[in-house]
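Visitor: Turn this into a structure:
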Amino acid sequence: MNLSLTHQIALVTGASSGLGYACAEGLAAAGASVVVNYNSHAEPAEALAAQIRQQGGQAIALGGDVSNEEDVERLFEQTIAEFGALDILVANSGLQKDSPIGEMTLADWNKVIEVNLTGQFLCARAALRQFRKQGTQRNVSRAIGKIIHMSSVHQVIPWGGHVNYASSKGGVDMLMRSIAQEIGGEKIRVNSVAPGAIATPINASSREGEGTNKILKLVPYGRIGDPVDVANAVVWLASDLSDYVHGTTLFVDGGMSLYPGFQDNG
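Guide: All right, here's what the predicted structure looks like:
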């Protein structure tokens, strides 16, 4: 078995830090040419693209807000203009705006839904249109295109104080499965990755002090994940090694979704 993405073009949204950054690195290491998308932080995205090029790969950094339809269309147009095709979309962009439900503003609700859910819809739609346009002429993979959504364990685990985030990820699950059901016959594979507790900037404050020990109580495997754990899953889903995997969510969570509070009968 050979895991290779040579000659394939990948677009990773929200790749200037955290999970997206690691996914872009991993895809490039497997041989893909990578578009490193960012919204407001160009410098780390451009630095990552430069690093990939220095290591012999191909990469560019492109800005764009995934919740904005015009930005998304421009992002895909620039990708095709640079590389001529698209084979892999990793719809990763996401954010949190946390508060108790009684204090949550409509603006914070809308922002999270717009980025985490609507943004994934807009990117998946744009990728689908490009895959259909290319058809089978690319011949670089058994599938004519792969869409990988970044979800979360909170697509199934309720999360008080984060109702907008959890709702967006529940929506991502149904978005992914509905798209997969609809277009699977076109040889386009659609899946999700659902990380658990991963050490990224978005949760740095929750890992301070005793925070790490509290988190570990929720992880049966006994460690907090690294971004590369998620990146490895994404690379596998993008490769032909997972060609018969379609419409499913791969949980990368050390067992968090097993509800460890019930391991001693609750």
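Visitor: now the strands for the stretch 51-200 of the chain?
Guide: 59-63, 88-91, 145-150, 188-195 (DSSP state E, counting those that start in this stretch).
Visitor: export those strands to JSON lines and tack on mean neighbour count?
Guide: C-beta here means a position set from N, CA and C on the backbone, and glycine is covered the same way. What follows is these, written out as JSON lines (neighbours: other Cβ atoms under 10 Å):
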{"stretch": "strand 59-63", "mean neighbour count": "22"}
{"stretch": "strand 88-91", "mean neighbour count": "30"}
{"stretch": "strand 145-150", "mean neighbour count": "27"}
{"stretch": "strand 188-195", "mean neighbour count": "25"}
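Visitor: Distance to T136 and mean pLDDT added to those strands, as a markdown table?
Guide: A markdown table is the format used below for these (distance: least, Cβ to Cβ, whole Å; pLDDT from 0 to 100):
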| stretch | distance to T136 | mean pLDDT |
| --- | --- | --- |
| strand 59-63 | 26 | 98 |
| strand 88-91 | 16 | 98 |
| strand 145-150 | 11 | 98 |
| strand 188-195 | 11 | 98 |
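Visitor: Take those strands and write them to CSV, including distance to A10.
Guide: Converted to CSV, the strands of the stretch 51-200 of the chain look like this (distance: least, Cβ to Cβ, whole Å):
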stretch, distance to A10
strand 59-63, 9
strand 88-91, 4
strand 145-150, 9
strand 188-195, 14
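Visitor: Please identify which of those strands is closest to A166.
Guide: Minimum separation from A166 across the strands of the stretch 51-200 of the chain (Cβ to Cβ) falls at strand 188-195, 12.1 Å.
Visitor: so what secondary structure elements neighbour the closest one?
Guide: Under the contact criterion of 3 or more Cβ pairs under 8 Å, 6 or more residues apart in numbering; DSSP states H and E, strand 188-195 touches helix 119-134, strand 145-150, helix 163-183, helix 227-238, strand 249-252.
Visitor: Just name the most buried of the ones you listed.
Guide: Highest mean neighbour count of these: strand 145-150, a mean of 27 (counted as mean count of other Cβ atoms under 10 Å).
Visitor: the inter-axis angle of it versus helix 227-238?
Guide: In terms of direction (axes from the mean of the first three to the mean of the last three Cα atoms, to 10 degrees), strand 145-150 departs from helix 227-238 by 150 degrees.
Visitor: for K187, what are its contacts?
Guide: T136, R142, A143, I144 (Cβ atoms under 8 Å, 6 or more residues apart in numbering).
Visitor: what do you get for F262?
Guide: Residues counted as contacts of F262 (Cβ under 8 Å, 6+ apart): none.
Visitor: Format the CA atom coordinates belonging to the least confident helix or strand in the chain by mean pLDDT as PDB.
Guide: Within the chain, confidence by mean pLDDT, DSSP states H and E is lowest for helix 211-216 among all helices and strands, at a mean of 87. The C-alpha coordinates for helix 211-216 follow below in PDB (Å, rounded to 0.1, in the frame of the first residue of the first chain):
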ATOM      1  CA  GLY A 211      -6.900  22.800  32.900                       C
ATOM      2  CA  THR A 212      -4.900  20.000  31.300                       C
ATOM      3  CA  ASN A 213      -5.800  17.500  34.100                       C
ATOM      4  CA  LYS A 214      -9.500  18.500  33.800                       C
ATOM      5  CA  ILE A 215      -9.400  17.800  30.100                       C
ATOM      6  CA  LEU A 216      -7.600  14.500  30.500                       C
END
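Visitor: Fine by me, we can end here.
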